[in-house]
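In: Prediction below, plus the sequence it came from.
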Amino acid sequence: MSYIRKPVARHPSLRPNALGLTLRDYEGAMSTMCAGCGHDSITAAIVRAFHETDTPPHMVAKLSGIGCSSKTPTYFLSGAHGFNSAHGRMPAIATGAAAANRALTLIGVSGDGDSLSIGIGQMSHAIRRNVNMLYVLENNGVYGLTKGQFSASADRGSKSKRGEPNTQQSIDPVMLALSLGATFVARSFSGDKDQLVPILKAGLAHRGFALVDVVSPCVTFNDHDGSTKSYLYTRAHQEAAIEMSFVPHRDEIVAEYAAGTTRDVAMHDGSVVRFSKVPEGYDPTDRRSVIDWLVEHQSTGAVPTGLLFLDPDANPEMHEASKTPETPLTDLPYESLCPGAAALESLQRGYR
Amino acid sequence: MHQGGLTGLPSGPYVEAPSGPNDFALKLANVNGTGSASANALLMQAIFRMGIPVSGKNLFPSNIQGLPTWYEIRVNASGHTARTARYDLMVAMNAETYAADIAEVRSGGWVLYDSTGPLKKSLQRSDVTFLGVPYARLCLESFAGARERTLMKNIVYVGTLAALLDFDMSVLSGMLDEKFGKKPALRESNARAIQIGYDWAKEHVDCPLPIRLERMSATADSILIDGNTATALGCLYAGATVAGWYPITPSTSVLDAFKTLCERYRVDEQTGEQRYCIVQAEDELAAIGMVIGATWAGARAFTATSGPGISLMGELVGLAYYAEIPAVIIDVQRVGPSTGMPTRTQQGDILLCAYASHGDTKHVLLFPSNPAECFHFAVAAFDLAERFQTPVFMLSDLDIGMNDWVVPKLEWNDDYRPDRGRVLTRDEIAALPKFTRYSPEDKLAVAARTVPGVHEKGAFFTRGSGHNKLGGYTEIPEEYAEVMERLSRKHRAAGAHVPAAVIEKRPGAKFGVITLGGCDLAVREALEQLGKRGVNADYMRIRAFPFGEDVEAFLESHDHFFVVEQNRDAQLRALLVLETPVAKEKLLSVLAYGGFPLQARQVVEGILAQLPDIEDPDVADRRERTRRAS
């Protein structure tokens, strides 16, 4: 980690958003990640995404499990409630928080150990339940805090720092999420902020579970030759296959594209995801075509990135399926929850 | 001790009062999946409606169809409705278990069996009366279709018993009206089946038997309810909006009932909106996580499970304890360890729940003794969880949870408002110079909390990692210990706010008997039996942990106590030894943990067998030395 204090003074060039808040207001405590850690870049992208979407910090709940990535919610949005929970258990805790107060904007930050090993069950079921949250999986293929063991996302053949090759098949969170019926699936790279920020913004606007798998190299334990999650390897193999922009509902769409080259997908909050470049024959709203393309393309060793799949209407979000009111359950007056003495009296006539 | 006259008291075999009107026990031996459960419930409910104290215990296998299952009904005018294994009448409907079932009937009792086929000579006993009813033949003659014939056999024995035991036929008829009001064909066939059984008995037996029913009015202000339904009602009335759960016997019906109740009372008539969110989780790890997430966000939330689920929840229970997040956990106990016996009852999770999770943790436990207490304690659990910002376990068990009990009608006070504890409002947060999560503390050692979505100044980081009293991450020993010390004080403070023990003093009492939960009825009955033998004891039923001052004072009132509980390792006794100043020599155990509900007989025999020990310390000493030597 670095030990330079952040300046308290605000640079006059910091642009306030619609709430009058600057980027600074979306930052958190000083990071304790290793210098050069991909996670810090993701944190910076998250800060931008919240700022640019004019999200009130106090309406955000940021949750995480255990691991390097799970420490990062401390480093953004100090005005939001945070919950650094237990290893692999963040999805369930987020599910409970979402059930209680649907007005909150939930962001879960997790890692490949947290999400794909100990927490693969919970993440899978949160996807299946379509909990309304942005789920950022900071993927470095390695256990950092315990010093360099392979994680479940390490590719077969990828080498550890000591030179040992990984012999087991990796779990790809993108393919997993697609097979589980996820409604928003993206992959990005911590070193590509221009791509990551709009994806995160779209993920925040998405009603339902938005999975963003971000390859985020571990500079200490997995950035060497022979690793398939290093900066060098990722830069060489990343392929920004799907390009998109996020257009918030208040903005008019002004950019001009040649006819037939763009594809707009309307989000439930009125915003639009505009796909400006996709591979030929690729339909980002057609699960089958996305899966087929990825299977074929990834077999060559490429790391395709972008908002790979989006279908806001594929599955109802947890609250829609539960038919809960728009008013958060936490805001319902007790009187509307307790049937009262008279009802109990009459109910008990049936217990005779 | 000696001068009290304990010496020379009868310590012979347990003798139960002879049976008679409104004082007898039936056992019904069935095959599961044949529809016997509804017939048996019908019998029990009819007795209840005749105003007579009654209990029904379903002793069922962990299976869907084809295995032996039993139902026991005990009728007792004095209200002693704990389980008894002294059966006056056996309804033997399962040829597979004839031998064991017939052997269990008391001498002088009756066996009702299907005489369509002959009864093997080897099964016959000269000291009981065999009443052979040709159930299969009667049903074959009167009903069409294999399924109906099987089902109706059960209803025919209801009719036979109605004649033998002198049921009020208008009560039975009224119940059929209610049950089959909208299905006249079914009502007719059930009524016909009852009539067939009734007529057969009237024609062939001198009805009624000496054990018979006589109308009373002892249950006029009572209801018939199982503990899981009552628990669900408590959760509904407490205002719980979120439930995370995973199906597990014997707790599943808590959530089934909660869902049914919510559908009835929490659905908006116009919009169809549901003012609740029940999430069936992928496992208990997630179920408790959902509860913690929901309470952290400001809702009242709960889960219901059984021992195996508690084992899985241990991890996050520790998180909730350390991060001080309310959680209500209903543990409907079954027989452990491991999968154990899922359809049998036990009180084996006391220590597990008291100290669930790694590190130094201590929880608040509530021990309801019957469904009425399940209702009230469930409400109390939410108040305690929020007041003390901690997990609260309510330990029910299979016997309480899944059997129908006769309990006083549930009362509700409309003035009740949830005690949300110290949750800061928007204005309160705004008025603070700076919010810190774990200080300052109040008299109960509780600090104020905030929930997300209220005010930016209330934001803080919840963590299960080491934290100081401001909520900041720490690895400094003193800062860590300061918080841990407060948590310990907080737990002790809860002792004055949990339900007090029920204590009953008896004149001339020479020792005390301590118990908890569903042992209540059997222990009370045992104390009455002992009293008749001149052995008087004071009684204390512990209703919660941490123990209050009342518990400690009671432990000083005698030199010896018997702790009656349903587990092998004397877990309540262990908890008393660990958590009160009582000397462990003062506590003797009476344990019954095989999986069936406790009987008074087991308590009386357990106490009488150990009386010499407390009369003569040398005897106890010798025994202890022998035990160690072996």
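Out: Okay, I see it.

In: number of nearby residues for the residue nearest to residue B:300 when sequence neighbours are not counted?
Out: Spatial nearest neighbour of residue B:300, excluding adjacent residues (CB to CB, 6 or more residues apart in numbering or on different chains): residue B:240 at 4.4 Å. To be clear about C-beta, it is placed using only N, CA and C from the backbone, and glycine gets the same treatment. By the criterion of other CB atoms under 10 Å in any protein chain shown, residue B:240 has 29 neighbours.

In: In a helix, residue B:240, correct?
Out: No. The assignment for residue B:240 (DSSP: H, G, I helix; E, B strand; the rest coil) gives coil, which keeps it out of a helix.

In: Pretty sure it sits against residue B:381.
Out: No. The criterion here is CB atoms under 8 Å, and residue B:240 misses it with residue B:381 at 9.8 Å.

In: Now list whatever residues contact both of those two.
Out: B:302, B:328 (CB atoms under 8 Å, 6 or more residues apart in numbering or on different chains).

In: Contact partners for residue B:574?
Out: residue B:351.

In: Same check on residue A:106?
Out: Contacts of residue A:106 by CB under 8 Å, 6+ apart are A:60, A:61, A:62, A:63, A:94, A:97, A:98, A:131, A:132, A:133, A:134.

In: Dihedrals phi and psi, the nearest residue to it once chain neighbours are set aside?
Out: Leaving aside its chain neighbours, residue A:106 sits nearest to residue A:133 (3.8 Å; criterion: CB to CB, 6+ apart). Backbone torsions of residue A:133, given as degrees, to the nearest 10, read phi -160, psi 160.

In: how much space is there between residue A:133 and chain B?
Out: According to CB to the nearest CB, to the nearest Å, residue A:133 and chain B sit 11 Å apart.

In: pretty sure that residue contacts residue A:107?
Out: Yes. Between residue A:133 and residue A:107 a contact is recorded at 6.8 Å, counting by CB under 8 Å.

In: for residue 131, what are its contacts?
Out: By default, I'm working from chain A. Contacts of residue A:131 (CB under 8 Å, 6+ apart): A:91, A:94, A:95, A:98, A:106, A:208, A:209, A:317, A:318.

In: please go with chain B instead
Out: Per CB under 8 Å, 6+ apart, neighbours of residue B:131: B:110, B:111, B:112, B:113, B:160, B:164, B:201, B:204, B:205.

In: if you set the cut-off to 6 Å instead, what comes out?
Out: B:110, B:112 (CB atoms under 6 Å, 6 or more residues apart in numbering or on different chains).

In: Tell me if it really is in a helix.
Out: No. Counting by three-state DSSP, residue B:131 is not found in a helix; it is strand.

In: what sits opposite it in the beta ladder?
Out: residue B:112 (DSSP bridges).

In: distance of it from residue B:120?
Out: 17 Å (CB to CB, to the nearest Å).

In: and if you look at residue A:201?
Out: Residue A:201 is 80 Å from residue B:120, by CB to CB.

In: Which one of those two is surrounded by more residues?
Out: Higher neighbour count among residue A:201 and residue B:120: residue A:201, with 25 against 11, using other CB under 10 Å.

In: Let me know the helix or strand that the nearest residue to that one once chain neighbours are set aside is in.
Out: Computed as CB to CB, 6+ apart, the closest residue to residue A:201 that is not its neighbour in sequence is residue A:246, at 4.4 Å. Using DSSP states H and E, residue A:246 falls within strand A:243-247.

In: Please name the strands paired to the helix or strand just after that strand in the sheet, noting orientation.
Out: Using DSSP H and E, the helix or strand that follows strand A:243-247 towards the C-terminus is strand A:263-266. Sheet pairing of strand A:263-266 (DSSP bridges) gives strand A:272-277 (antiparallel).

In: isn't residue B:397 right up against residue B:345?
Out: Yes. The criterion here is CB atoms under 6 Å, and residue B:397 meets it with residue B:345 at 4.8 Å.

In: ok, the two, which is more surrounded?
Out: residue B:345 (31 against 28).
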